[in-house]
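[1] here is my input; please provide its structure:
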Amino acid sequence: MIFAGYSSWLLLPCFGIVYILVNAIYNLFFHPLAKIPGPFLAKLTKFWLFSEELGGDAANTLAGLHRKHGQLVRVSPNEVAINNRDAFTTINRQGTKFLKEKDFYNGFRGKHGNLFTFQDPEDHSQRKRLMSPSFSQASLAAHQVIIYECMKPLINEIIGNIRSQQPTPIFPAFQHFSSLKSIAGVMAKLFPKMAPDAVIQLQKIGMDKLIASRKATDLDQPGLFSNMEKLLGSKEQKLSDEQLVAESSTLFFAGTDTTASTVAIALWHLLHKPELYARLRAELKTVMPERDSQPTLKELESLPLLSACIKEGLRIACPPRGRLPRVVPPEGLQCNGVFIPPGTIVTSPISYLLFDDKVFPQPLEYQPDRWLQGNAKELETYLYPFSRGTRSCIGQTLSLAEQRICISQFVRRFSPADGAKFREVKLKEYINIVIMDELAIKLVEAD
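    Residues are numbered from 1 along each chain as shown. A predicted model of the protein is given here:
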């Protein structure tokens, strides 16, 4: 009887091995996605994709796989990466039925959902209606003065570097709250279950201080969070304090590095293209006769070369270049002659469109003039740096306003010192890009 008991225990690992083998055989030969090409390990387990993303180079890896295998690549047992413009449009269109994949987005959720993590379209729609006034064009025009005020410390810092003959690190200069974000990033790696709560606590402190400060002044004063603050202070508020904190956390983490990275990369390329830099400054002088001029957003929007530089910066930086997985709806998806069944996870990163060499020749080159040519309107049908459709970035108007003001103020005031040498920008990708270089350069004040 004792030996029989030992035999039963010995059978358990055998059953485990059999299960793994059967599952592997199914995934390789009988799974509905079995005929879609991809790495061998990716067909067997999710850990292949996890390891690529952990290394921060998944976007480049997937791009290489598409060059090898074509438009469809199987990147995990039940996930397909799709490099196809029509599929991208279908997945991300207005009123899409391709819902966000639960396991992926819940990793960013914390205790309360937010615009980025909501899977239910109705939840997302209701929240977006509440928050949209803070990001309307009219709202941005009203508080563009605040953006200019935020530029003053940065300008003074750069002038200080010039006078002390020190290089200016372009990326950190435009990055806000970097130390706090670094702490949150380390916590997320070391204590993944604790990090969301810790982030919420950090944001709650910030929101409390913000509200206390604004209560001491006029609540109707223009500002990005004025509408959210009114919701918080109202007896009939639609959102709880915790929900407002969750949304502010999303804005804090999604809206700072993305814009900072885009501006830094655009300026880095501009600083190493003297003729283009001179052309842009000449254009800026038409609305900025003095170095400290503060043109309106409408005036800046009227400048074609500035707009082209911003579009090209968004294209080549492409901050959200990672996976944003969706689930195929009940009717399935037909793509490139292949039927992808319901329940399959699909991803079609924005970077596929923005680095398509058939649309953008020399896609890794910063060439703003491509947006001033006769086919510019056609190119814009591929430019979705903020995604598209129902789930596009709510803060895109704010980001564009910040980019216009930051780039115009910088180019009008500063020039690269003689002998500046260009080097490629080193990036990692963790959903959004992370610049691995300060992009330090010596500057001089412009005439």
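[2] run through the stretch 251-400 of the chain and note the low-pLDDT ranges.
    Low-confidence segments of the stretch 251-400 of the chain, defined by pLDDT under 70: 252-253.
[3] where exactly do the strands run in it?
    326-327, 333-335, 338-340, 345-347 (DSSP state E, counting those that start in this stretch).
[4] highest mean neighbour count out of the ones you listed?
    Comparing the strands of the stretch 251-400 of the chain by mean neighbour count (mean count of other C-beta atoms under 10 Å), strand 345-347 ranks first with a mean of 23. All C-beta atoms are positioned from the backbone trio N, CA, C, and that covers glycine.
[5] any chance you could list what contacts that one?
    75-76, 78-82, 87, 91, 98, 101, 323-328, 333, 340 (C-beta atoms under 8 Å, 6 or more residues apart in numbering).
[6] try it again with 7 Å
    78-82, 91, 101, 323-328, 333, 340 (C-beta atoms under 7 Å, 6 or more residues apart in numbering).
[7] sitting in helices, which of the residues you listed do you find?
    Those of the contacts of strand 345-347 mapping onto helices are Ile91, per DSSP state H.
[8] for the buried ones among the contacts of strand 345-347, write the corresponding PyMOL selection.
    Selection command for PyMOL covering only the buried members of the contacts of strand 345-347, criterion 16 or more other C-beta atoms under 10 Å:
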select buried, resi 78+79+80+81+82+91+101+323+324+325+326+327+328+333+340
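[9] for Thr381, state which of the contacts of strand 345-347 is nearest.
    Nearest to Thr381, judged by C-beta to C-beta, of the contacts of strand 345-347 is Ile91 at 15.9 Å.
[10] quick one: contacts for that closest one?
    Phe98, Arg326, Val346, Ser348.
[11] may I ask which two of these are separated the most?
    Across the contacts of Ile91, the longest distance by C-beta to C-beta is 9.6 Å; it joins Phe98 and Ser348.
[12] which of the two has more residues huddled nearby?
    When Phe98 and Ser348 are compared on other C-beta atoms under 10 Å, the one with more neighbours turns out to be Ser348, at 27 against 21.
[13] isn't the more buried one right up against Asp86?
    No - using C-beta atoms under 7 Å, Ser348 is not in contact with Asp86; the gap is 9.9 Å.
[14] distance of Ile350 from Cys393?
    Separation of Ile350 from Cys393 (C-beta to C-beta, to the nearest Å): 11 Å.
[15] which one's more surrounded, these two?
    Ile350 (25 against 21).
[16] is it true that the more buried one touches Phe386?
    No - contact criterion C-beta under 7 Å: Ile350 and Phe386 do not qualify, at 8.6 Å.
[17] quick check: the gap between Asp120 and Lys100.
    From Asp120 to Lys100 the distance is 9 Å (C-beta to C-beta).
[18] likewise Phe118?
    With C-beta to C-beta as the criterion, Phe118 and Lys100 are 7 Å apart.
[19] residues shared between the contacts of the two?
    By C-beta under 7 Å, 6+ apart, Phe118 and Lys100 have no common neighbours.
[20] give me the nearest residue to Ala440, chain neighbours excluded.
    When the adjacent residues along the chain are set aside, Ala440 lies closest to Pro167, with 4.1 Å between them (C-beta to C-beta, 6 or more residues apart in numbering).
[21] where are the low-confidence patches of the stretch 1-150 of the chain?
    Ranges of the stretch 1-150 of the chain meeting pLDDT under 70: 1-11.
[22] quick one: the helices in it?
    Ranges of helices in the stretch 1-150 of the chain, per DSSP state H, counting those that start in this stretch, are 2-25, 40-44, 47-54, 58-69, 85-92, 102-106, 121-131, 137-142, 144-163.
[23] okay if I get those helices as TSV plus distance to Lys421?
    Putting those into TSV (distance: least, C-beta to C-beta, whole Å) gives the following:
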stretch	distance to Lys421
helix 2-25	51
helix 40-44	40
helix 47-54	32
helix 58-69	24
helix 85-92	37
helix 102-106	40
helix 121-131	44
helix 137-142	37
helix 144-163	18
